[in-house]
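> Dropping the sequence and predicted coords here.
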Amino acid sequence: MLAMGLAFDCLELAPGRATRPVDPGQPLGLDAAPDGELIVLQPGPHLIDGAGLLPVVRVLAGLGLALCTLPGVRAVCWGPAGTCMAPDYYQRIVAGWLAGGAFPALGLTMLNRTAGGVMESRGLAFLTGQELRFEPGPDVSAQHAGQIAVRLIHLLAEHGPVLAAQDLAGPVGELLHAAPEGAVLRVWM
């Protein structure tokens, strides 16, 4: 498939072998992961090394947007984040992003909360080389911690990794401290 001058491979279509995902991922906008055959859309061989570059991801997400309007599509899975999204959910978040809105942090990445309340991303490293570990303060509600983490993911996806310790601003001006620790960006209040 050719889009915006970039070539993508569409695998598993008939008459090729159809596969089913072993683990379709965290369902978003779905009651459960749907049954069905899996079609894989990925950058062509000449783009593999740059698969996580934002321009390539934008075009790939846009192709997914077009494909998810086809009859019979039950879900869109985003491998790096381990998510499985309802087509209407995917359309809403990706169309908004491609129109200039916020990066779809809960879809093209995923957030998990540890027992200690720490928010950890999954799939952000595909774009930036770093996963996020956000440690909210003790007085921060779970909802507000999620909002801060989503904002951080948007900033990182749009501007790239943080390579040196620095301060960042949260969605309502909160002072956040960020420090890279290998493949993880640790952020705390």
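Received, thanks.

> Next, the buried residues of the helix or strand where Val94 lies.
Taking DSSP states H and E as the criterion, Val94 maps to helix 87-98. Within helix 87-98, the residues that count as buried by 16 or more other Cβ atoms under 10 Å are Pro87, Tyr89, Tyr90, Gln91, Ile93, Val94, Trp97. Every residue, glycine included, has its C-beta placed from N, CA and C.

> Can you tell me, leaving aside adjacent residues, what's nearest to the last one?
What that stands for is Trp97. Pro104 (5.1 Å; Cβ to Cβ, 6 or more residues apart in numbering).

> The one you found contacts Ile93, correct?
Yes: Pro104 lies in contact with Ile93 (Cβ atoms under 8 Å); the separation is 3.7 Å.

> ok, now which ones touch the residue most central in space within the chain?
Nearest to the mean C-alpha position of the chain, by Cα atoms, centre = their mean, lies Leu108 at 1.7 Å. By Cβ atoms under 8 Å, 6 or more residues apart in numbering, Leu108 lies in contact with Val57, Ala61, Trp78, Pro80, Ala81, Thr83, Ile93, Val94, Gly123, Ala157.

> Looking at the residues you listed, which are in helices?
Judged by DSSP state H, helices contain the following of the contacts of Leu108: Val57, Ala61, Ile93, Val94, Ala157.

> what residue ranges in the chain score low on pLDDT?
For the chain, applying pLDDT under 70 flags the ranges 12-25.

> What ranges does it have for its helices?
For the chain, applying DSSP H gives helices covering 54-67, 87-98, 105-108, 124-128, 142-159.

> Please convert those to JSON lines, extending it with distance to Leu168.
Converted to JSON lines, the helices of the chain look like this (distance: least, Cβ to Cβ, whole Å):
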{"stretch": "helix 54-67", "distance to Leu168": "19"}
{"stretch": "helix 87-98", "distance to Leu168": "21"}
{"stretch": "helix 105-108", "distance to Leu168": "15"}
{"stretch": "helix 124-128", "distance to Leu168": "14"}
{"stretch": "helix 142-159", "distance to Leu168": "7"}
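
> For Val40, which of these is the nearest?
Closest of the helices of the chain to Val40 is helix 54-67, at 11.1 Å (criterion: Cβ to Cβ).
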